[in-house]
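Sequence isn't available, so here's the structure alone:
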């Protein structure tokens, strides 16, 4: 079982930046591919970004590509989501996710790919 705890959410103005952090309880953090999802008001939960076990590979939703950066520090059991040039439409609850992966370079894109989820952190972007 992996427990994930997100932090870093809050209120930010449009055009601003925010960094989310997610710390995992598992010592074998480097065996897990990680992801960030979000759920905006009235919308389905959607993939935002994913990172492979090694951190070598990353991928993003089209809506955030070029503005958001996912990274990880395996020594700290932590994954980050750096969000720049934030827009009101980025307002959502952001969830950190994890799944055990046998492949060093794999990224996963759907809800069902990830058995472990954090509790979510609210990000609100004001116009």
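Looks like it came in fine. From a predicted model like this one, the values you see are computed outputs, not experimental measurements.

Next one: residue 126 from residue 14, what distance?
Separation of residue 126 from residue 14 (Cβ to Cβ, to the nearest Å): 7 Å. Yep, even glycine has a C-beta here, placed from its N, CA and C like the rest.

Name the residues contacting each of those two.
residue 88 (Cβ atoms under 8 Å, 6 or more residues apart in numbering).

Looking at the two, which is more packed in?
Just comparing residue 126 and residue 14: by other Cβ atoms under 10 Å the higher neighbour count belongs to residue 14, 14 against 11.

hang on, that one packs against residue 89?
No. Counting by Cβ atoms under 8 Å, residue 14 does not reach residue 89; the two are 9.6 Å apart.

Common neighbours of the two, please.
Joint contacts of residue 14 and residue 89 (Cβ under 8 Å, 6+ apart) are residue 125.

so how far is residue 127 from the most centrally placed residue in the chain?
Geometric centre of the chain, nearest residue: residue 36, 2.3 Å, by Cα atoms, centre = their mean. Distance check for residue 36 against residue 127: by Cβ to Cβ, it reads 23 Å.

can you map out the strands along the protein?
For the chain, applying DSSP state E gives strands covering 4-7, 10-13, 18-24, 32-39, 45-51, 58-60, 68-73, 78-83, 92-100, 116-117, 121-126.

Pick the most deeply packed of those strands.
strand 32-39 (a mean of 25; mean count of other Cβ atoms under 10 Å).

Can you give the strand pairings for that one, parallel or anti for each?
Paired strands of strand 32-39, with direction, are strand 45-51 (antiparallel), strand 92-100 (antiparallel) (DSSP bridges).
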